[in-house]
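Trainee: can't give you the sequence, but here's the structure:
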């Protein structure tokens, strides 16, 4: 199963829409994961319409409508991989240990908030992924998103995609 991971889209504040490259990835994916900070509900409507399947949460910049429509934590088992999505995981220091304690029954945790891509695996095997942001690079050299494959209980082919400047 092919996944696209994104977060911190901040539409329409940081951009009018998602980059075309990301939309093409969304259209080709079996599952789209959004780790919060949509800002406006219009993108949620678009992703629901264009995604084969969507797993998403609200973030700290999301107002009442998005909070009503999306959970703080979303979970699904996909191809034998127990996936959770959350917006915030706290400071980078101590993240792995903190997430192992908070998500003992998860194999893959997708998060956002920092706009900084992240890919680590904890001692027990919990994979932590942050796709960065496709619209607001902050202190990063590029806007980004992630793709990966889930197959027979494994996370494979994790690829960070750098988007061209707008």
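Mentor: On my side now, so go ahead. Note that the structure is predicted; figures quoted are calculated from it, not measured.
Trainee: OK, contacts around the nearest residue to residue 100 once chain neighbours are set aside?
Mentor: Computed as Cβ to Cβ, 6 or more residues apart in numbering, the closest residue to residue 100 that is not its neighbour in sequence is residue 122, at 5.0 Å. Any C-beta I mention is one placed from the backbone N, CA and C, and that applies to glycine too. Taking Cβ atoms under 8 Å, 6 or more residues apart in numbering as the definition of contact, the neighbours of residue 122 are 96, 97, 99, 100, 128.
Trainee: mind running it again at 10 Å?
Mentor: Residue 122 makes contacts with 95, 96, 97, 98, 99, 100, 103, 109, 128, as judged by Cβ atoms under 10 Å, 6 or more residues apart in numbering.
Trainee: these two touch, right, the second one and residue 126?
Mentor: This means residue 96. Yes: under the contact definition of Cβ atoms under 10 Å, residue 96 touches residue 126, with a separation of 7.5 Å.
Trainee: shared neighbours of those two, anything?
Mentor: Common contacts of residue 96 and residue 126, defined by Cβ under 10 Å, 6+ apart, comprise residue 120.
Trainee: perfect, I'm done here.
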